[in-house]
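A.B. asks: Generate coordinates for the sequence data below:
(2 chains)
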Amino acid sequence: MAPARFDPFQHRVSSRGTRRRWASVRVATRITLATGVALVSLPSFADYPYPFENAYLATISGTPEPFRADIPDTRVVERQLRSRPDFTRTRRVPPSLPYPDRLKYSVLLQKSAAPLTVIVAGTGSDHRSGSVLALMRALHAAGHHTLGLPSPTHPAFITAASSTGVPGAMQTDASDLLRVLGQAVDELQAEGTTITNYNLTGYSLGALNAAFMAHATTGGRTTGAQPMPLSFRRVLLINSPVSLYSSISKLDRFLENVPGGVDNLDQLFSEVIERLSAAYQRSSNVEFTQELIYGAFEGRKPSQEDMAALIGAVFRFSAMNLTFSADLVTDFGFLKPKEQRLGRRADHGPYLAVALRVGLTDYFHEFFWPEHQRLGTPYGADRFTFADAQSLHGLRDFLSSDLRVYAVHNRDDVILEAGEIDFFEPVFGNRVRLFPRGGHLGNLTEAEFMAEVVRVLTGG
Amino acid sequence: MVLLMPMLQGCLNTTSPGEAHRGNSGCCTEPVFSARRVLIDDVVDPLEVYDPWRSANRALYGFNAAVDRYALNPAVAGYRRALPGPVRQGITNFFDNLDMIRTTFNLALQGRGGDTGRAALRLLTNSTLGIGGVLDVADWMHQPTYNEDFGQTLGRYGVSPGPYVMLPLFGPSNLRDTLGQVVDAALLGFLDPLELNGNAARGIVYYPLLVLDTRATTAFQYFQSGSPFEYELVRKLWATKRELDIAK
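C.D. replies: I've put the predicted structure just below:
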């Protein structure tokens, strides 16, 4: 029987027949497409069985059915921390921001003692996003307890767990993440879960977070000034940015290059929304995540520029949630006038049109940097060194000498600037595996890629 | 050209941004990125939906979220524990089949003869072979399925959606579709295929099951989108979905 699928606005899901046909059409399309692409790309297909040569298409389409890793559909449990950090007691978060003051996370536990692998979500995603769940399930199937954490850039994290309310400073975010993780682990152990060792991974921005978390637990400084009891046996960076600033500026530029110019931005968003609505009816995902948005464009073949713009648009949705939440938590006056109080039912609508047009580079220069200057966050005397501090460059010595830290990446990842992929091999040596294609996370659930992830994190 | 869009300068917790601008907008300094700075003249907000009653709608959005959290979600969890999957599926099928009555009726009103016939056949098949709709036999036979309501019928005849409405318990709608729901409900009440009228005992089983099944098969959860703009995004998604339903 088909499980109840997502149709948020119907009273009832009633068109199962249509859906089933849809599903079979989609599967058929995928197989046809995959086979077709596979045939025309036979030479490189031999080394790596991921079908999409085009990095944008890969990023948008993900992994077609026949190439997917066999990941069981295990039910993931959502949990909530039992207490909240003291700093959240003193700040006045507007009641219109609908997030709980105790952070939620997800777990999949083994019945007996086992290693734990922690997964940090990517930009704007939380502990229930499709990529987190896929990683949790695959690693759980391989015998680990798994624990999914939201990204520090997710509004719920900004509200309940960010010590500054202005995410993006890697050291600060790492100490926030480690504090949350320490608390979650304490609670799990108190309930009788036995953890034999700790492993850490993250994808996209979550990978950069993981690198800084690993560094912090080996004597690297964190602003939290809290001793960290955990130490990680294995750390894996999945499709990490090299420099956060260059990645966000690249993603911002995707939207500037909308076909027909910036004036067509609204048309693009309208189209995204239209397709999203259609996809929303047949998705079981409840979050406005990139999986859902990309899913909306499944089976369609947009132009190269369209695809870049779409990736930019997806990213912009995350950015807009981030900047507005950070503004509300800190009362900085970035989008909302400073000191203006928003009541429980305050209308966020008027800010939306503006937030949609503000990129993360705008956030960096006109909010993040001034606010961290005011807070006296160390690591950077000026905005350039501060931008550079949010990168793997600063961790170079650590990454090249610490044999517990691994990386997987794709040579055609679209979030990297030209040449940035060359950072990995000299630094990681034989602890990195670069896949020939897959775009940004397009091949995350591809069988060989996922097998590599599991091998590194569970291997001896 | 700069659009003097006053929205972001006033106090937004007052009812209308426009009012706030005209009135006492002296409470706050302009933010770094104001509408004045960012928006240009002829821009059409891609997420705009006509929502003159948004204050009440927002309140109801919060109310629905609370009902979900404290009543419906716990009830659905109990429902899932109490009844095995195939039984719940049978219940879903049963209500789907009942909906096929309004679908058939509305297809006929839309003048879609062939579709009306196929929908009627589906209704007939499931009501008989499917034992009152519990088994979706028509689906096994690959009969096409439809989902039409009176709101869609009105939309097809050019009736505009009117203001966005957040219905208590039922969720997003608009004036046209709310009217449509009333008409659809009246139709079912008039035909009364389950003979609920004057039969309190049946009603006691029917209505709670309808509510549980509806909630159990709707994956949407309030305040889980990860966006502080959830109200606006849901509003836009819903409006667009209805447009697509009507155009289908």
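A.B. asks: make it CA atoms for all contacts and neighbour counts henceforth
C.D. replies: OK.
A.B. asks: Now do the same contact list for A:Met320.
C.D. replies: Applying CA atoms under 8 Å, 6 or more residues apart in numbering or on different chains, we find A:Met320 in contact with A:Leu352, A:Ala355, A:Leu356, A:Val358, A:Gly359.
A.B. asks: restrict these to those near chain B?
C.D. replies: Checking the contacts of A:Met320 against chain B by CA under 8 Å from any CA of the partner chain, the ones in range are A:Leu352, A:Val358.
A.B. asks: Looking at the contacts of A:Met320, which one is closest to chain B?
C.D. replies: Here the nearest of those to chain B, counting by CA to the nearest CA, is A:Leu352; it sits at 7.0 Å.
A.B. asks: ok, that closest one touching B:Glu230?
C.D. replies: No: using CA atoms under 8 Å, A:Leu352 is not in contact with B:Glu230, being 10.4 Å away.
A.B. asks: how many neighbours does residue 170 have?
C.D. replies: Looking at chain A here, since you left the chain open. The burial metric for A:Met170, expressed as a neighbour count using other CA atoms under 10 Å in any protein chain shown, is 23.
A.B. asks: actually it's chain B I care about, not the one you picked
C.D. replies: Here the neighbour count serves as a burial measure; for B:Phe170 (other CA under 10 Å) it reads 15.
A.B. asks: The closest residue to A:Glu53 other than its chain neighbours and chain B: what is the separation?
C.D. replies: Taking CA to CA, 6 or more residues apart in numbering or on different chains, and ignoring the residues beside it in sequence, A:Glu53 has A:Arg437 as its nearest neighbour in space, at 6.7 Å. If you measure A:Arg437 against chain B using CA to the nearest CA, to the nearest Å, the figure is 30 Å.
A.B. asks: does A:Arg437 sit in a helix or strand, and which one?
C.D. replies: Counting by DSSP states H and E, A:Arg437 is held by no secondary-structure element, helix or strand.
A.B. asks: if I look at it, how far off is A:Val408?
C.D. replies: For A:Arg437, the distance to A:Val408 under the criterion CA to CA, to the nearest Å works out to 12 Å.
A.B. asks: pLDDT score for residue 248?
C.D. replies: In the absence of a named chain, chain A is used. pLDDT recorded at A:Ile248 is 95.
A.B. asks: should've been chain B
C.D. replies: 71.
A.B. asks: For it, grab the count of nearby residues.
C.D. replies: Other residues close to B:Lys248 by other CA under 10 Å number 8.
A.B. asks: A:Phe254 too?
C.D. replies: 21.
A.B. asks: For the helix or strand hosting it, enumerate the helices and strands it packs against.
C.D. replies: Here A:Phe254, judged by DSSP H and E, is contained in helix A:244-256. Applying 3 or more CA pairs under 8 Å, 6 or more residues apart in numbering or on different chains; DSSP states H and E, one finds that helix A:244-256 makes contact with helix A:304-330, helix A:360-363, helix A:383-389.
A.B. asks: Which strands or helices does the last one pack on?
C.D. replies: In this structure, helix A:383-389 makes packing contacts with helix A:244-256, judged by 3+ CA pairs under 8 Å, 6+ apart.
A.B. asks: ok, residues contacting the helix it packs on?
C.D. replies: Under the criterion CA under 8 Å, 6+ apart, residues A:205, A:241, A:262, A:265, A:308-313, A:315-316, A:359-361, A:387-388, A:390-391, A:415-417 lie in contact with helix A:244-256.
A.B. asks: For residue 97, which residues are in contact?
C.D. replies: All of this refers to chain A. Contacts of A:Leu97 were listed using CA under 8 Å, 6+ apart, and they are A:Ser325, A:Leu328, A:Arg344, B:Pro228.
A.B. asks: try again with chain B
C.D. replies: With contact taken as CA under 8 Å, 6+ apart, B:Asn97 is in contact with B:Leu123, B:Asn126, B:Ser127, B:Gly133.
A.B. asks: Surely A:His140 forms part of a strand?
C.D. replies: No: counting by DSSP: H, G, I helix; E, B strand; the rest coil, A:His140 is located in no strand; its state is helix.
A.B. asks: Would you check that it makes contact with A:Thr146?
C.D. replies: Yes: contact between A:His140 and A:Thr146 holds when scored by CA under 8 Å: they sit 6.1 Å apart.
A.B. asks: any idea how far B:Val38 is from the residue in the stretch 351-460 of chain A positioned nearest to chain B?
C.D. replies: Among residues of the stretch 351-460 of chain A, the one nearest chain B by CA to the nearest CA turns out to be A:Val354. It sits 5.9 Å away. Look at A:Val354 and B:Val38: by CA to CA, they are 6 Å apart.
A.B. asks: Looking at the two now, which is surrounded by more residues?
C.D. replies: Neighbour tally, A:Val354 and B:Val38, criterion other CA under 10 Å: the higher count belongs to A:Val354, 20 against 16.
A.B. asks: which element is that one on?
C.D. replies: A:Val354 belongs to helix A:349-355, assigned by DSSP H and E.
A.B. asks: same thing with A:Ser106?
C.D. replies: Assigning secondary structure by DSSP H and E places A:Ser106 in strand A:104-108.
A.B. asks: helices or strands up against the helix or strand following that strand?
C.D. replies: Remark: after strand A:104-108, the chain's next helix or strand is strand A:114-120, criterion DSSP H and E. The criterion is 3+ CA pairs under 8 Å, 6+ apart, and the helices and strands that strand A:114-120 contacts are helix A:130-141, strand A:145-149, strand A:195-203, helix A:205-216.
A.B. asks: which helix in chain B runs the most residues?
C.D. replies: If you go by DSSP state H, chain B has its longest helix at helix B:85-109.
A.B. asks: Can you name the next helix or strand after that one?
C.D. replies: Tracing the chain past helix B:85-109, the next element assigned as helix or strand by DSSP H and E is helix B:113-128.
A.B. asks: distance of A:Cys63 from A:His440?
C.D. replies: Let me fix one detail, which is that residue A:63 is Thr and not Cys. According to CA to CA, A:Thr63 and A:His440 sit 12 Å apart.
A.B. asks: Look at these two and report which has more neighbours.
C.D. replies: Each of A:Thr63 and A:His440 had its neighbours counted (other CA under 10 Å), and the higher figure belongs to A:His440 (28 against 24).
A.B. asks: and that one, what does it touch?
C.D. replies: Neighbouring residues of A:His440 by CA under 8 Å, 6+ apart: A:Ala55, A:Ala58, A:Thr59, A:Ser204, A:Asn239, A:Asn410, A:Asp412, A:Asp413, A:Val414, A:Ile415.
A.B. asks: Which of those residues ranks first by neighbour count?
C.D. replies: When neighbours are taken as other CA under 10 Å, the top entry among these is A:Asn239 (28 neighbours).
A.B. asks: now the strands: where do they sit in the chain?
C.D. replies: Picked chain A for this. If you assign secondary structure with DSSP state E, the strands in chain A sit at A:77-80, A:104-108, A:114-120, A:145-149, A:195-203, A:232-238, A:405-410, A:432-435.
A.B. asks: actually chain B
C.D. replies: Using DSSP E, strands in chain B cover B:164-167, B:171-174.
A.B. asks: shaky segments in chain A?
C.D. replies: Residue ranges of chain A with pLDDT under 70: A:1-46, A:219-229, A:257-270, A:272-302.
A.B. asks: With distance to A:Ser247 as added columns, please give the strands of chain A in a markdown table.
C.D. replies: Conversion of the strands of chain A to a markdown table gives the following (distance: least, CA to CA, whole Å):
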| stretch | distance to A:Ser247 |
| --- | --- |
| strand A:77-80 | 31 |
| strand A:104-108 | 27 |
| strand A:114-120 | 18 |
| strand A:145-149 | 22 |
| strand A:195-203 | 14 |
| strand A:232-238 | 15 |
| strand A:405-410 | 15 |
| strand A:432-435 | 18 |
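A.B. asks: Need the winner for burial among those strands.
C.D. replies: Stretch with highest mean neighbour count among the strands of chain A: strand A:145-149 (a mean of 28; mean count of other CA atoms under 10 Å in any protein chain shown).
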